[in-house]
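*Asks:* for reference, the sequence and a predicted model appear below.
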Amino acid sequence: MKMKLLLVLLAVVGLMASAVQANMLLNPSFEEGAFGNDYTPDYWTHSFTTYDPMHTWISDAAEAHWGSKYMKMNMWSWSSTAWLLQTVNVIAEQEYTFSVWAKCPFLGETSEAWAYYEYLNTESDIISDDWLPQDSDEGLYVGGNWTHVEFGAVTAPALATQVIYYIATGPENGLMGILYDDACVDTPHPSLPTPPWEAMVAIGDVDLSWTNLDPIDPNNSVYVDVLYGTEPNETDDNYNMEPLTLEPVSGQDVTSATIEGLDPNTYYWRVDSYLYGDPNEVNYTSTDPNLSPLYPIIKGYAWSFDVVSDVPPSSVDTGVDMVTWAGEPVVLDATVVDDGESYLTYAWSSDDPAGTGVVFTPSAEVEDPTATITKFPYIVAGVVNPSFEEFLIGWVQVGGITWNGVWDGTFGNKTYITPIDGDWCAYVNGNHGDSIEGTWLSQTLAETLTVDVTYSLTVEVINDGYYNEDVHYKVQLLAGGAVLAEDDDSIPLDPVPPGTSSNWETSTVVYTLGGPSDPNFDYVGEPLEIRLVCKAGTDEMNFDKVQLTGSPEFPTPEFPTVELTVRVNDNTNLTYVVKDTMTVDVYDDACTAAKAVGRAADNPGDFDGDCDTDFADLAAMAEKWLNDTGLTEPVVKP
């Protein structure tokens, strides 16, 4: 296995996960314009299909996600949709990401966030359009706290020159409504900064560098401003960002700059981009919302770095990946690059699969401990995110899936359910997947199908009563893509009275693989799979608390891979951590490990294959010789 060096700096990890938001929208937070409940923020247009929807522009700094204003949108009709929209220029065949911050106005309730897009050509003809999220008949649910709703990325068609972004509300929100703030159409090109995001650097001059965004017209240059200071929030009374002097002064295609003589402090810096041409020739500052096309300044993300008197370690290397066998200690040897003088602390951890355990000696808090890895049978399979507490992480979705949270109160005829385990459960709509099989969640496990193990799969199921109808479901156990056993509607979740739900019930699937005559015997050694199905024609089905057990026990994987990670912390800079990860393949014994890496010598004397030549080999050889060459019938003495 190759050395894993992608996690050298925590700052780099944070950067990779948080690429610069190059927001193409003007007035994305609804702060600008002649304020009033009956007016629309600058650069935005409202539209709806009937006369009765309502949108409200609200000024309330305590409630807004950013700044002091936000939008509230309601629907008074079950046959119409309300819109708030803006048109921006795009680059053909470039990918754009659509998002918004949203929340329900009431704690303990939910609203449904919707969006729509239309890509236009030079003639303003629609050449591509769809609801967001794409290919879904469901919006995205948000609770009573501000939530970043990521509708997804859509590539502009070959002839596209503009996109219209609609944030919407529909009849699902009814009287309750939904709140929107900080809308974004993002071209997801990161501007990778140096120093890395949240890095620590020494006192003195600091060199900055970054990667520019693409221009709208590939024949033009990109022009930039670079700002730095100690407080990046423009609404803060202590706002402190000032422009750097660039060479050339126009900022044309500039990708680096230097800040001189910085003292210890936390500093922020930002690269603002002019993608439509020279700002001396293109009007980027117009406040006329009727001008078309619009030319926004693309404000970059506020990166930060800390200037310190004693810099923390810059990297750590765990060393090469290794191979060992169960119970044999592995001596770890981390290498830390550190120019500072302060005391370092270490923390080793393991990500070991089920059936293995790791012990660090003398402890996990020293630079170079010894790791001893053992293997043991186990009973409960390693189902990832079994109660859906981490959205749908670990589960593959086929069709439209929704995450249901802790609910109370009623809305319309629906009484929301309380998950039986934790705070969340999975809601599946059978009409949004395969037209015959329905919609499902599935997960492939590390455990494999084995003879003489009895598998017991349990899943909690419920009809939440929204449509007041029978629900039809399957809970399936598979291996190699084949269904081994299933619960096909064995629990009658009967139609429920309006406004109520059924009770949580336990669906159970039990399976034991027989011998070679068993039709599933060909799948021995194939990974097990769990599938939670809402049948086609069923509008709602909820699942929670998934568990798979084996009896007597699951076999330990033949050669599991264990990840060992070390995190190094500077005692002076406690918030700054560097880390690295290595892997260890664990075999049953030294002989098996040696053969796996080609280190076992080809010794014809090792008759029994245990990597040792001893009397056991002689005994095995003699037995075979006697069986192969011994007398099989009486003979006449010569």
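*Replies:* Thanks, I have it. Numbering: from 1, shown residues only.
*Asks:* please count neighbours and contacts with C-alpha atoms only from this point.
*Replies:* Noted.
*Asks:* element containing the closest residue to residue 488 other than its chain neighbours?
*Replies:* In space, and not counting its chain neighbours, residue 488 is closest to residue 474: 4.6 Å by Cα to Cα, 6 or more residues apart in numbering. Using DSSP states H and E, residue 474 sits within strand 473-479.
*Asks:* rewinding a little: pull up the per-residue confidence for the residue nearest to residue 488.
*Replies:* At residue 474, the pLDDT value in this model is 94.
*Asks:* tell me the bridge partners for it.
*Replies:* Note on residue 474: beta-bridge partners by DSSP bridges are residue 488, residue 533.
*Asks:* before we move on, what about residue 577?
*Replies:* Here residue 577, judged by DSSP bridges, has bridge partners residue 569.
*Asks:* quick check: the gap between it and residue 202.
*Replies:* According to Cα to Cα, to the nearest Å, residue 577 stands 17 Å off from residue 202.
*Asks:* rewinding a little: show me what the strand holding residue 474 is packed up against.
*Replies:* strand 482-488, strand 505-512, strand 527-534 (3 or more Cα pairs under 8 Å, 6 or more residues apart in numbering; DSSP states H and E).
*Asks:* make TSV out of those and add mean neighbour count.
*Replies:* Converted to TSV, these look like this (neighbours: other Cα atoms under 10 Å):
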stretch	mean neighbour count
strand 482-488	17
strand 505-512	18
strand 527-534	24
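*Asks:* the residue nearest to residue 488 against residue 532, yeah?
*Replies:* Yes: between residue 474 and residue 532 there is a contact under Cα atoms under 8 Å: 6.2 Å.
*Asks:* contacting residues around whatever helix or strand residue 96 lives in?
*Replies:* Take DSSP H and E as the rule and residue 96 turns out to sit in strand 95-103. For strand 95-103, contacts defined as Cα atoms under 8 Å, 6 or more residues apart in numbering pick out 65, 110-111, 113, 142-156, 165, 178-188.
*Asks:* also stretch 64-73?
*Replies:* 29-31, 54-62, 82, 101, 146, 168-169, 177-182, 235.
*Asks:* one step back: just the buried members of the contacts of strand 95-103?
*Replies:* Buried members of these, scored by 16 or more other Cα atoms under 10 Å, are 65, 110-111, 113, 142-147, 149-151, 153-156, 165, 178-188.
*Asks:* now the helices and strands packed on strand 473-479 as CSV including distance to residue 332 and mean pLDDT?
*Replies:* Converted to CSV, the helices and strands packed on strand 473-479 look like this (distance: least, Cα to Cα, whole Å; pLDDT from 0 to 100):
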stretch, distance to residue 332, mean pLDDT
strand 482-488, 43, 96
strand 505-512, 42, 96
strand 527-534, 32, 93
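*Asks:* reformat these as a markdown table; add distance to residue 391.
*Replies:* A markdown table is the format used below for the helices and strands packed on strand 473-479 (distance: least, Cα to Cα, whole Å):
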| stretch | distance to residue 391 |
| --- | --- |
| strand 482-488 | 25 |
| strand 505-512 | 22 |
| strand 527-534 | 15 |
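*Asks:* among those strands, which comes closest to residue 268?
*Replies:* When the helices and strands packed on strand 473-479 are compared by Cα to Cα, strand 527-534 sits nearest residue 268, at 47.3 Å.
*Asks:* what about stretch 320-338, start to end distance?
*Replies:* Stretch 320-338 has an end-to-end distance of 20 Å (Cα to Cα).
*Asks:* can you flag which of the contacts of strand 95-103 belong to strands?
*Replies:* 111, 113, 142, 147-155, 165, 178-186 (DSSP state E).
*Asks:* how about the spatially most central residue of the chain: what's its closest non-neighbour residue?
*Replies:* Centroid-nearest residue in the chain, with Cα atoms, centre = their mean: residue 393, separated by 7.0 Å. Of all residues not flanking residue 393 in the chain, residue 385 sits nearest, at 6.5 Å (Cα to Cα, 6+ apart).
*Asks:* quick one: the one you found and residue 396 touch, right?
*Replies:* No: here residue 385 does not reach residue 396: they are 11.9 Å apart, not a contact under Cα under 8 Å.
*Asks:* which of these two has more neighbours?
*Replies:* Higher neighbour count among residue 385 and residue 396: residue 385, with 16 against 13, using other Cα atoms under 10 Å.
*Asks:* what sits against that one?
*Replies:* By Cα under 8 Å, 6+ apart, the neighbours of residue 385 are 392-394.
*Asks:* lowest pLDDT pick from those residues?
*Replies:* residue 392 (75).
*Asks:* run the chain-centre distance for the biggest strand by length in the chain.
*Replies:* In the chain, assigned by DSSP E, the strand with the most residues is strand 541-554. The chain centroid and the centroid of strand 541-554 are separated by 24 Å under Cα atoms, centre = their mean, to the nearest Å.
*Asks:* around the closest residue to residue 243 other than its chain neighbours, how many other residues sit close by?
*Replies:* Spatial nearest neighbour of residue 243, chain neighbours left out: residue 227 (4.2 Å); criterion: Cα to Cα, 6+ apart. For residue 227, the count of nearby residues is 19 (other Cα under 10 Å).
*Asks:* from residue 301, how far off is residue 227?
*Replies:* For residue 227, the distance to residue 301 equals 11 Å [Cα to Cα].
*Asks:* buried subset of the contacts of stretch 64-73?
*Replies:* 29-31, 54-59, 82, 101, 146, 168-169, 177-182.
*Asks:* contacts only, for the closest residue to residue 614 other than its chain neighbours.
*Replies:* Distances taken as Cα to Cα, 6+ apart place residue 606 nearest to residue 614, at 7.8 Å, with adjacent residues excluded. Listed by Cα under 8 Å, 6+ apart, the contact partners of residue 606 are 612-614, 617.
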